[in-house]
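In: kindly return the folded structure for what I paste below:
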Amino acid sequence: MSTVSNAPSPSVDLVRRTAFTLFGRFGYDGVSMTHLARECGLTKPGLYWHYESKQALYADCMRDLVGLFETHVFTAALMEDAPARQILAAFEGLENLLADPCVAHGVAGFWLRPATAPVEEAMTVQHDFEAMARGATTQILQAAVDDATLALPLSAERVADAFIAQVEAIVLPLGERSPADHRALVGLFAHMFFTSYARDSTLIDDLARTLKTGHI
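Out: Reported below is the predicted structural model:
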């Protein structure tokens, strides 16, 4: 357990939200506990009353980041039955993720590798999520190939890697673009994906109805 109490108090929630924003903007090395305590309106000893270490707090923030991806993108996609609907739901989930207020200030700092302290717990959370994301994306793409929804030029595993890399390229500049720009990028990515690989052109029309842009 990284927190002292099993039932987080409002102060713990405040610390975690504030830390998530700061780590997302500046990375682990760019955030001091002194700065965080000041931002939370706490003393430094008061901050350590809630969290035993900066590493433990960072690990919880990494779990929050992973949870956002899981909730908005993967859980939503895997709730659908047909592979085509799963892919559409993943793009819609990406739009929802980009619009979530929790990530409004950016999350690129979580991709910076810490150099000032060991953060094995947080790295394990990240690596486990990356493995899950790759596996789930590969599974969805392979199912879409098997039912003739998609025609991929490479293996589902290779295309999954490219898909995830493109998602990261859209997510990393969060905080630097307007929400409308983010939505437009998701729509463009989705349009390019289905134009390149879909066997049924009606999926493009489905995509336009699914995404909040209303057109692609």
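
In: mind listing residues that contact stretch 15-30?
Out: Contacts with stretch 15-30, where a contact means CB atoms under 8 Å, 6 or more residues apart in numbering, come from 8, 31, 35-36, 39-40, 42, 47, 50-51, 54, 57-58, 60-61, 64-65, 102-103, 105-110, 112, 114-117, 119, 122, 175. Any C-beta I mention is one placed from the backbone N, CA and C, and that applies to glycine too.

In: so residue 139 is in which element?
Out: Assigning secondary structure by DSSP states H and E places residue 139 in helix 120-146.

In: now do whichever helix or strand comes after that helix: everything it contacts.
Out: Counting by DSSP H and E, the next helix or strand C-terminal to helix 120-146 is helix 156-171. For helix 156-171, contacts defined as CB under 8 Å, 6+ apart pick out 94, 97-98, 103, 107, 111, 130, 133-134, 137-138, 141-142, 145, 152-153, 182, 185-186, 189, 193, 197.

In: quick revisit: please indicate which of the contacts of stretch 15-30 are buried?
Out: Among the contacts of stretch 15-30, those buried by neighbour count (16 or more other CB atoms under 10 Å) are 31, 36, 39-40, 42, 47, 50-51, 54, 57-58, 60-61, 64-65, 103, 106-110, 114, 119, 122.

In: distance of the residue nearest the centre of the chain from residue 139?
Out: Residue closest to the mean C-alpha point of the chain, counted by CA atoms, centre = their mean, is residue 69 at 3.7 Å. To residue 139, residue 69 is 16 Å away according to CB to CB, to the nearest Å.

In: for this protein, just list every one of the helices.
Out: 10-26, 33-40, 44-50, 54-69, 76-78, 83-99, 120-146, 156-171, 179-197, 202-210 (DSSP state H).

In: buried residues of stretch 131-139, list them for me.
Out: Neighbour-count burial for stretch 131-139 flags 133, 136, 137, 138 (criterion: 16+ other CB under 10 Å).

In: can you list those in a markdown table and add pLDDT?
Out: Converted to a markdown table, these look like this (pLDDT from 0 to 100):
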| residue | pLDDT |
| --- | --- |
| 133 | 96 |
| 136 | 96 |
| 137 | 97 |
| 138 | 97 |
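
In: any idea which of the residues you listed is closest to residue 206?
Out: Using CB to CB, residue 137 comes nearest to residue 206 of the buried residues of stretch 131-139, at 19.3 Å.

In: pLDDT value on the closest residue to residue 92 other than its chain neighbours, please?
Out: Computed as CB to CB, 6 or more residues apart in numbering, the closest residue to residue 92 that is not its neighbour in sequence is residue 210, at 5.2 Å. As summarised for this prediction, residue 210 has a pLDDT of 70.

In: what of the one 3 residues further on?
Out: If you check residue 213, the pLDDT there is 50.

In: also residue 12?
Out: So, for residue 12, pLDDT stands at 89.

In: again with residue 195
Out: pLDDT for residue 195: 87.

In: residue 43: neighbour count?
Out: Residue 43 has 12 neighbours, counted by other CB atoms under 10 Å.

In: how about the nearest residue to it, chain neighbours excluded?
Out: Per CB to CB, 6+ apart, closest to residue 43 is residue 37, 6.2 Å.

In: need the contact list for that neighbour.
Out: 43, 44, 46, 47 are the contacts of residue 37 under CB under 8 Å, 6+ apart.
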